[in-house]
Structures are given as C-alpha cells and as structure tokens.
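In: Kindly return the folded structure for what I paste below:
(chains A and B)
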Amino acid sequence: MDTQWPRWEVFKQDAPGKPHQAVGSVHAADPEHALLTARNVFARRPQAVSMWVVRAEEVFSWTKEEIAQDPALRGESRPALGSRPTTYLVFRKTSHKRSMTFVDHVGEVEAYSPQGALREALARFSDAEGLVWWVVPAEKVYKSDPSQETVESWFDPAKEKTYKQQQYYATVSASRPKRRKEDEAFGEGCAHC
Amino acid sequence: MKPSVKDALIAKLTALGDDELILAHRNSEWVGHGPILEEDIALANIVQDELGHATLWYGLRKELDGSDPDQLAFFRDANEYRCCELVELPKGDWAFTMLRQYLFDLYEALWLEAAQHSAYKPLAEAAQKIIREERFHLQHTRAWVERLGLGTEESNRRLQQALNFQWGYAQQLFVPIPGEELLVAEGIVPELGPIRERWLELVTRHLQNADLKLPINPGYQPTSRAYHTEHLWSILAEMQSTARWEPEAKVW
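Out: Just a heads-up that it's a prediction; the model follows:
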C-alpha cells in the first residue's frame, strides 16, 4: 500500500507586486496542511508575503520542445457545445540561469481545457519565450490568508532571524596543528562543518 | 522597582525561559526522526523559535541581575531549573509531542496576548514580538490535533492516551510562582486565573471537536516548580555535556 501523502507544488511571493514563483513541493494530507508545511519548509528563512499550493497532479506542464512537436497545441480552440470556460493560472519559465525557483506566475486565462489555456497563454504572454509552461485550474489553488495578522504571524518574523542563515554559523577554526598526513586527507579544520 | 518585585520578576522570567528551553530541547530530539521530512523541518523550525523565546526571557533577566543566559542554560543544575514538569516528559510518539505542543502553544499565545499590555515595557515589547510566531505554531499544532483525533482508530487512540497522561501536568502552567501576586498587583504580568478559563474553554471545544474525551480524573497535578521529574536530570546531562566539557567549544 502506498502510504505517501499527495505531493503539492508550492508557489512563494517574495514581496507585493512580485510574481508567485514555484519553489518546490511538499507532501501533505490536505490543503491547509500543505500550506502550513510549505510555510515551514520554504519561508522559514527568506522573505515571503504569500504562498499558494496546488496538488501536483492538477498541474499541466509543457516544455518548449513538446509544444513544437504537437501541432494541436498551436491551433484554434473549439469548445464543446454547452461547455463553459474556467479560469486557469499560467506560469512560465523564461531563463536557463541557475535559480532557486522554477516557473513564474504571469497571469490568468479563460479556457475550455488545459490545452486551450496553453494556446491562449502562448498568444497572450508573448513578451518573452517560454521554456516551460504550467497551467493550473484556478479553483484547485489554495492560497495563504492575505490578512495582516497572518502575514505578520507567518512571514514577518523570518526577516529578523539572522540566526537561521547559515552564514551566521561561520566559525573561526581553532583546530590543532596538523600532525600527520592522514589528517590532512580528511580536511581537518573545515570552518563550516 | 522594589527589591521584592524585582526578585519575583527575575524568578518569573526564569520560569518562562526554562519552559521554552526544555520544551525546545525535548522536541529537538525529533530532528532526523520526524514522521515525514516536511514535519521534521517544521518541528525543528518551531524548536528554533522557542529557543529564541528562551533567549528573550533570559535576556530580560540579564537586564535585571546581569546573569549570563548561556550560564543559565548550560551550567545550572536540575534543582535550580524552574520549568514545569509537562515540558520535561520524554517525547513519546508523534501524538504525544503534538498534543503537548498544542496545549503549551495555546497557553503561551493567551498569556502573551495579555502580557502585551504589561506595565514593564521590556516585557510588553518581548510579548508583542513573540506572539506573532506563536500564533503560527498554534495553527500548526491545532491542525495536527484535529487530524490525529479524526484520523484513524489508531491515531485517535494514541492521542487520547497522550491526553489522559498530560492533562494533569498541563494544569501546572496555571499555577503562580511564589511572589507572582506582587507582579500581578503591579500590572507586570497577567493574572493566570482568567487565562486558564479561556484556555480551558478553547481546549475543550477543540479536543471535543476532534473526537477526544477530557479525562474525568485529571491525575497527577504538579504544583511547585522547585520539583522536577527524573527526566529533567537526563535531558540536562545530554544538553549540557558539551558545554561543561569544553565551554568555549574550541576543541573538536
């Protein structure tokens, strides 16, 4: 029996006006638990003002190469009769630069399917080339409470906690002089161990 | 400040700091052993916060009598500690740890809410600072109590066992220390009676909603913070051994 909890993708916003960015994932039993856990794992040190979580299986993802190989993703969207569009959040990765984050939130689109949402996104968000695209049904995204009290309690304390930064623990080595060759091989006196 | 009030305040700050320090150290035993990596990190995070609170309380004491927080933590014997017995108890299973942290977090959040209005400004400022993250801790442990209580037959049974065992110990959080009435009279610390009433109301509602039964017989209820369980000796031996062996931590 698989006893693993579901996996949730986590999006963190560093400051008001900045996009929510995919920072990684957590395992959790339900949406509230996922948000609590995400806060502990991804906002205990760096700054944050808001977090979103979504079940990993609700994320529809395409790379640039996959889109290029699938002509259906570039055509017109044709809704089934009587169906109604839903809102999708769109995320995009535009750089190969080494980064702690993956895709950035770029906006919302209305569409009849995830594929339709991607087609819409490719047309709408054309200011930069997307290397990876994620679309997520808006109703599946759970957000941290935006109230002042929650921001103060979830995110503000981390700003003052310099002791949670690893550079706070940099130490001056006071190790004894090396005596034998073997000691050197083990890097005696590493200042950050 | 009158000498008698100052002495009482020093004793109260010591009790506050000792509760946080011992609970933090006890919970740190989960590091690397949590039920899932995310919760391991979460509990370590709570532990660091509680250690930070202990540092604040010991820091306020230092302003009054010049005592060094590191000396208090690492070179004091068990019989000089003034923590309550609840925080000394071995970590038990996950249900035991989460329940204790919940009962303590709620007490602490309510106490801090009232202490924000302390007539002693440094204490009011410390309370305003700590309460923000204490509210987050409480959300986390409250969520765990609910999920374990309403989870499976086994999780409910384990949580109920923890509750039966801890209920009497938890009552010690509301026993004033000798001289505390002087501090209450000066408006320096809140009276524990009304805080206990509110705590009892909130705890009862939450536990019952989580399908748990409050023990009819509260069991052993410690009163004086001058007495401790045997567990305090072993946890201090472990916690203090490095500092006592090499105070400057220069030899490795």
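
In: Wait, residue A:14 touches residue A:47, no?
Out: Yes: look at residue A:14 against residue A:47 with C-beta atoms under 8 Å: they come within range, at 5.5 Å. To be clear about C-beta, it is placed using only N, CA and C from the backbone, and glycine gets the same treatment.

In: between these two, which one's more packed in?
Out: When residue A:14 and residue A:47 are compared for neighbours, residue A:14 comes out ahead with 18 against 13, by other C-beta atoms under 10 Å in any protein chain shown.

In: Distance of the more buried one relative to residue B:88?
Out: Taking C-beta to C-beta, to the nearest Å as the criterion, residue A:14 is separated from residue B:88 by 40 Å.

In: Repeat that for residue B:64.
Out: Here residue B:64 is placed at a distance of 26 Å from residue B:88 (C-beta to C-beta).

In: And those two? Which one has more around it.
Out: Just comparing residue B:64 and residue B:88: by other C-beta under 10 Å the higher neighbour count belongs to residue B:88, 26 against 15.

In: what residues does chain A put near chain B?
Out: Taking C-beta under 8 Å from any C-beta of the partner chain as the test, the list of chain A residues beside chain B reads A:5, A:26-30, A:32-33, A:36-37, A:39-41, A:44, A:149, A:152-154, A:156-157, A:161, A:163-164, A:174-176.

In: hmm, which of those residues are the buried ones?
Out: Buried members of the residues of chain A next to chain B, counted by 16 or more other C-beta atoms under 10 Å in any protein chain shown: A:5, A:26-28, A:32-33, A:36-37, A:39-41, A:44, A:153-154, A:156-157, A:161, A:164.

In: Filter those residues down to the ones in strands?
Out: Restricting those to those inside strands, with DSSP state E as the criterion, leaves A:26-27.

In: In helices only, show me the buried ones among the residues of chain A next to chain B.
Out: Among these, the members found in helices (DSSP state H) are A:32-33, A:36-37, A:39-41, A:153-154.

In: Sort out which one of those residues lies nearest residue B:22 for me.
Out: Of all those, the one with the least separation from residue B:22 (C-beta to C-beta) is residue A:40, at 22.0 Å.

In: With adjacent residues omitted, what lies nearest to that closest one?
Out: Using C-beta to C-beta, 6 or more residues apart in numbering or on different chains and skipping the chain neighbours, the partner closest in space to residue A:40 is residue B:42 (3.7 Å).

In: Could you do residue B:118 as well?
Out: Sequence neighbours aside, residue B:124 is the residue nearest to residue B:118 in space, at 4.2 Å (criterion: C-beta to C-beta, 6+ apart).

In: Where do the helices of the stretch 51-200 of chain B begin and end?
Out: Applying DSSP state H, counting those that start in this stretch to the stretch 51-200 of chain B gives helices spanning B:69-74, B:94-115, B:121-149, B:153-170, B:180-185, B:192-209.

In: circling back: same question for the residue nearest to residue A:40, what's its three-state structure.
Out: Secondary structure state of residue B:42, per DSSP: H, G, I helix; E, B strand; the rest coil, is helix.

In: thought it was touching residue A:36?
Out: Yes: look at residue B:42 against residue A:36 with C-beta under 8 Å: they come within range, at 7.4 Å.
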